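**Student:** what follows is a predicted protein model with its sequence.
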Amino acid sequence: MRGVRIRPRPQPIPGSMGSLEKLYADEVLEERRRSGEIVNYRFEAMKLRLAANTFYTPDFVVTFDDHIELHETKGFWEEDARVKIKVAAAMYPEFVFIGVEHKKREEDKKVRGAPKYWHYEAFSRMVAA
């Protein structure tokens, strides 16, 4: 098959939100901030060292009155991203690590245009309320 080109995924520009991060900030975090549930949130405000030349930068640092959560947004999880957040959670137990996936419900996966929802997954201990 001649002429078939596969485009590489565009590299994100550090410090600027992609469409998924913007959607999450607008739909979820801003609403939670306005309601008083969270104190504040910041985009890519922290960088954690995992090993020599290996870092993890969470999408959002979310501040509550009594703890800090680090949120990672994904359209879908690739194995390397899942491993990295698990390593970070084990190394930095003072933070609560939350994976946030924007996906369709299982029964709607093949339905074109079906609505998506935010699915949350904790990668570290949850702080007692």
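**Tutor:** Structure's in. What do you need?
**Student:** tell me which stretches of the chain form strands.
**Tutor:** Using DSSP state E, the strands of the chain run over residues 40-43, 48-51, 54-56, 60-63, 68-74, 96-104, 116-122.
**Student:** would you map the helices across the chain?
**Tutor:** 19-24, 30-35, 79-91 (DSSP state H).
**Student:** for Gly113, find the nearest of those.
**Tutor:** Closest to Gly113 of those is helix 19-24 (C-beta to C-beta; 16.4 Å). (Glycine included, C-beta is placed from N, CA and C.)
**Student:** now do that closest one, average pLDDT.
**Tutor:** Mean pLDDT, computed over helix 19-24, is 94.
**Student:** residues of that helix that come out buried?
**Tutor:** Residues 21, 24 are the ones in helix 19-24 that count as buried (16 or more other C-beta atoms under 10 Å).
**Student:** can you list the low-confidence ranges for this structure?
**Tutor:** Along the chain, the parts satisfying pLDDT under 70 run over 1-3, 7-12, 14, 125-129.
**Student:** what's opposite Ile68 in the beta bridge?
**Tutor:** Thr63 (DSSP bridges).
**Student:** measure it to Ser35 for me?
**Tutor:** Ile68 sits 18 Å away from Ser35, going by C-beta to C-beta, to the nearest Å.
**Student:** ditto for Val61
**Tutor:** When distance is defined by C-beta to C-beta, Val61 is 19 Å away from Ser35.
**Student:** neighbour count: those two, which is higher?
**Tutor:** Shown here are Val61 and Ser35; by other C-beta atoms under 10 Å, Val61 has more neighbours (18 against 8).
**Student:** contact partners for Lys110?
**Tutor:** By C-beta atoms under 8 Å, 6 or more residues apart in numbering, Lys110 lies in contact with nothing.
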